[in-house]
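> Okay, predicted coordinates and the sequence, questions at the end:
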Amino acid sequence: MANDAALIFAYYTKMILQLWVLLLATFASVTSTPGCISRSYTDGTVCVCNSTYCDDIVPLGSIPLGYAAVYRSDINGARMDKANVQQKTKADGVIVELDPSTLYQEIIGFGAAFTDSSGYNIKSLPKDAQDLLLKQRFSSDGTEYNLGRVPMASTDFSTTQYSYDDVEGDLDLKNFSLAKEDFDYKIPLIKQAMSLQQSNGGVKFFAAPWAPPGWMKTNGKMEGGGYLLGEPDGPYYVTWANYFVKFFEAYLAEGIGFWAVTPQNEPNTGHHPNYAWQTLGFNASTESDFVRDHLGPTLKTSPASTDVIIIGMDDNRFLLPDWADVMFADPAVSSYVSGIAVHWYEDEIVNPNILSTTHDRHPEKFLLATEACNGWLDVQGKGVRLGFFFRAERYAHSIIEDLDNWVAGWVDWNMALDTQGGFTWAGNYVDAPIVVDGEEFYKQPMYYAMAHFSKFLKPGSRRAAVKLPTNPGLPKQGVFVLGAVMADGRRYVTICNKNNTDDVTISISEKAIDGVYTTVEVPAHSIVTVIWNKY
């Protein structure tokens, strides 16, 4: 009996040890994502967060030797799900080769805008939920944004129109002051973002005006097309430049400094008399004149703004390359303007090669995507569509397309909206990656699409060349690939498959490294990111 008991004990001990080894091996290759609490809607699923819980994105951490980290989001509910995949000596399927010896632009970063509507919606949540939402945006638990766009006064995503000096004729700006909305909806959230972002060198903030006070415009009001009153060398142009400096001084008094500013949000809309919300008209020549004669030199007069760089245009890419050509033809203008800002609206009808053309003509200037949102057209389904994965794919496709054409970063529009897509005094309802609903907020597929890029492509990362197959190869349309070398030297590839039925098996290799392949399945309607160590 004693011998039998000993044998039984030895047998079960061996079994337990084998099971333990198996578990350790399993966890060496697969890491579960802290659970998304999913909720289904007509268009798909969202991840629900509240005061006590929100799913975090699994950190990259160290990657075991011989493995690659793979993050996956898809139409079936995967949301940045992470696994460590063992690399192989032979390839399966299509081979995609990363060439880290051929590098392009350095990444500036990713982010979103601190609109009044975003602040209002976030502040409507219980305090613990507010904190969790901002952590999901700026901390290592989430997307790790490092860029923040800050409107100067009101936009279409405000409760009403307001400026910082509504006293008519106050050319000396004696009555300039920040608005209640700055102190309620922008500054507190900006400060919290600053405290949360510790991994990307802090948050870089850039400002943009939608319109000057109405009394400074030819149409007498902030909304609708119009121009600054008077001649380009007259007092209204001088005052408008001083208004920028006053803004930077007021924010610096609150402990917030700025990296950059654009002279005007979507200046091309200011030529349309019946434009539906705040705007001011410039073309490439008049914006250049304003920068050279007023804004550029005036920013240099104050410690609060002397180091603030100017980014030109801030409008849709169909205006390129002409806008950049005009600005940078004048050496004085070029000395003040560091780059060109582009929006994504109407991208479907404008070839992205126009971005590369702009870079090729002005290689010393950067390109930055500064606004994007889904749901802005009736044909898309105006406003919010909860859980709609197609909108995540549009984000991923746009980011890949932009970065593959020399854009150095990508900034979303509203940080959070309500379930209608507001508030917006102008009725311009759109969608957002985070939607606030009562005491909960929902992380849409768009949120995770952004994370595939912002989580890993930190400042100092560089886009790298990717060699794609031709025959046999990828489906003719719908598969998009981005390669990069991360700031820490690790290798990065993201693939977006927008096809309805074509699943793709891809083996990723690195140029000059023989016999090492990371094979991944990239199903229809999915986004897959693969990261591995430098050899």
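On my side now, so go ahead.
> quick one, what contacts Leu178?
164, 247, 250-251 (C-beta atoms under 8 Å, 6 or more residues apart in numbering). Bear in mind the C-beta positions are built from the backbone N, C-alpha and C, glycine included.
> neighbouring contacts of the lengthiest strand in the chain?
Determined from DSSP state E, the single longest strand within the chain is strand 94-106. The set of residues external to strand 94-106 that reach it, using C-beta under 8 Å, 6+ apart, is 359, 366-367, 403, 406-408, 459-469, 472-474, 481, 483, 485, 491, 493, 495, 504-512, 517, 534.
> May I see the buried residues of that strand?
By neighbour count with 16 or more other C-beta atoms under 10 Å, strand 94-106 contains the buried residues 94-100, 104-105.
> And these, which is closest to Ala112?
Among these, Gln105 lies closest to Ala112 (C-beta to C-beta), at 21.1 Å.
> Leaving out chain neighbours, which residue sits closest to the closest one?
In space, and not counting its chain neighbours, Gln105 is closest to Ala408: 5.0 Å by C-beta to C-beta, 6 or more residues apart in numbering.
> hang on, the one you found packs against Lys204?
No - taking contacts as C-beta atoms under 8 Å, Ala408 lies outside contact range of Lys204: 11.8 Å.
> Between the two, which is the more surrounded one?
More neighbours surround Ala408 than the other of Ala408 and Lys204, with 22 against 19 (other C-beta atoms under 10 Å).
> quick one: contacts for that one?
105-108, 339, 366-368.
> Which pair of the residues you listed spans the longest distance?
Maximum distance among the contacts of Ala408 (C-beta to C-beta): 13.4 Å, for Ile107 and Gly339.
> where exactly do the helices run in the stretch 401-535 of the chain?
445-454 (DSSP state H, counting those that start in this stretch).
> now the contacts of Ala408 in CSV, with pLDDT and distance to Ser285?
Below are those laid out as CSV (pLDDT from 0 to 100; distance: C-beta to C-beta, whole Å):
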residue, pLDDT, distance to Ser285
Gln105, 98, 28
Glu106, 98, 30
Ile107, 98, 32
Ile108, 98, 27
Gly339, 98, 19
Phe366, 98, 22
Leu367, 98, 21
Leu368, 98, 22
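> of those residues, buried ones?
The neighbour count (16+ other C-beta under 10 Å) marks 105, 107-108, 339, 366-368 as buried among the contacts of Ala408.
> Doesn't Asn200 lie inside a helix?
No - counting by DSSP: H, G, I helix; E, B strand; the rest coil, Asn200 is located in no helix; its state is coil.
> Check what pLDDT it gets.
Per-residue confidence at Asn200 stands at 77 (pLDDT).
> Grab the nearest non-local neighbour of it.
Distances taken as C-beta to C-beta, 6+ apart place Asn146 nearest to Asn200, at 3.7 Å, with adjacent residues excluded.
> My guess is that neighbour contacts Lys204. True?
Yes - in this structure, Asn146 is within contact of Lys204 by C-beta under 8 Å, at 6.3 Å.
> what residues do the two have in common as contacts?
Taking C-beta under 8 Å, 6+ apart as the contact rule, Asn146 and Lys204 both touch Gly109.
> on that earlier part again, the residue nearest to Asn200: how many residues sit nearby?
23.
> which residues does the closest residue in space to Leu417 that isn't next to it in sequence contact?
With sequence-adjacent residues excluded and distances taken as C-beta to C-beta, 6+ apart, Leu417 is closest to Ala432, at 4.1 Å. Contact analysis of Ala432 by C-beta under 8 Å, 6+ apart lists 118, 373, 384, 412-417, 421, 444, 446.
> and of those residues, the nearest to Asp293?
Nearest to Asp293 out of the contacts of Ala432 is Trp413 (C-beta to C-beta; 31.0 Å).
> Go ahead and confirm that closest one touches Phe114.
No - judged on C-beta under 8 Å, Trp413 makes no contact with Phe114 at a distance of 10.9 Å.
> who's more crowded, the two?
More neighbours surround Trp413 than the other of Trp413 and Phe114, with 25 against 22 (other C-beta under 10 Å).
> these two touch, right, Met194 and Gly202?
Yes - with contact defined as C-beta under 8 Å, Met194 and Gly202 form a contacting pair (6.7 Å).
> related to what we said a few turns ago, and the longest strand of the chain, how far out from the chain middle?
Using C-alpha atoms, centre = their mean, to the nearest Å, the mean C-alpha position of strand 94-106 is found 22 Å from that of the whole chain.
> Would you mind pulling the contact partners of the following helix or strand past it?
Next in sequence after strand 94-106, counting helices and strands by DSSP states H and E, comes strand 109-113. Residues from elsewhere that reach strand 109-113 (C-beta under 8 Å, 6+ apart): 118, 137, 143, 145-151, 200, 203-204, 371, 409-415, 433, 450, 453-454, 457-459.
> try it again with 6 Å
Applying C-beta atoms under 6 Å, 6 or more residues apart in numbering, the set of residues contacting strand 109-113 from outside is 145-149, 409-413, 415, 454, 459.
> out of those residues, who's nearest Lys180?
Closest to Lys180, out of all of those and judged by C-beta to C-beta, is Met415, at 19.3 Å.
> phi, psi of Phe248?
phi -70, psi -40 (degrees, to the nearest 10).
> what do you get for Ala68?
Note on Ala68: backbone dihedrals following degrees, to the nearest 10 are phi -130, psi 150.
> go on, the one 10 residues further on?
According to degrees, to the nearest 10, the main-chain angles of Ala78 amount to phi -70, psi 140.
> Kindly confirm whether my reading is correct that it touches Val70.
No - look at Ala78 against Val70 with C-beta atoms under 6 Å: they stay out of range, at 10.8 Å.
> Tell me the spacing between the residue lying closest to Val516 once chain neighbours are set aside and Asp488.
Spatial nearest neighbour of Val516, chain neighbours left out: Gln87 (5.4 Å); criterion: C-beta to C-beta, 6+ apart. Here the criterion is C-beta to C-beta, to the nearest Å. By it, Gln87 lies 19 Å from Asp488.
> neighbour count winner among these two?
Comparing Gln87 with Asp488 by other C-beta under 10 Å, the one with more neighbours is Gln87, at 17 against 12.
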